[in-house]
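Asks: Starting from these lines, generate the structure:
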Amino acid sequence: MDKLVIDGSAKTPSIEFDAATGVLSLRGRSIPENSIEFYKPLNEWLDSYSGTPSTKTTVEVRLEYFNTSSSKCILDFFKKLERVNGSNTEVHVNWYFETDDEDMEEAGEDYKAIVGLPFTIIEVEEI
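Replies: Next up, the predicted model:
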């Protein structure tokens, strides 16, 4: 299965999903004009990946900011991962937030409470 690599921009996060390693990485800002359209290839890749996932899937989320429409797309993405978890893989989410960014810390805690996946909330100096 091919890697999914999308270069980030001022409005969209960089994406690197690697089926061989089981590492799915989102990094940067997520304020695209059309969130549903931006996240569509991620969900399609995840649909394919879910057929033959790595034995361990690690989701690395290092977002400095995301808008409301992105938050819904991110939740949908986590819900897809919920269905993958336990079938042939163990999914774990690492949610990073910058020191003193209470909004991003709370967002991670909210997703952790909503989604049935193990989350680790990690404070870092800089995203």
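
Asks: Tell me if I'm right that residue 39 and residue 76 touch.
Replies: Yes. Using C-beta atoms under 8 Å, residue 39 is in contact with residue 76, at 7.4 Å. Using the backbone N, CA and C atoms, a C-beta is placed for each residue, glycine as well.

Asks: Which strands or helices does the host helix or strand of residue 65 pack on?
Replies: Assigned by DSSP states H and E, residue 65 belongs to strand 56-66. Applying 3 or more C-beta pairs under 8 Å, 6 or more residues apart in numbering; DSSP states H and E, one finds that strand 56-66 makes contact with strand 23-30, helix 68-84, strand 90-98, helix 102-114.

Asks: List the buried residues of the second one.
Replies: The neighbour-count check on helix 68-84 (16 or more other C-beta atoms under 10 Å) flags 69-70, 73-74, 77-78, 80-81, 84 as buried.

Asks: give me the low-pLDDT residue ranges for the chain?
Replies: 87 (pLDDT under 70).

Asks: residue with max distance from the center of it?
Replies: The outermost residue of the chain, judged against the average C-alpha position, is residue 100 (21.3 Å), by C-alpha atoms, centre = their mean.

Asks: Could you look up the SS state of that one?
Replies: On the three-state scheme (DSSP: H, G, I helix; E, B strand; the rest coil), residue 100 is labelled coil.

Asks: quick one: which of the buried residues of helix 68-84 is nearest to residue 33?
Replies: Ranked by distance to residue 33 (C-beta to C-beta), the buried residues of helix 68-84 are led by residue 69 at 9.6 Å.
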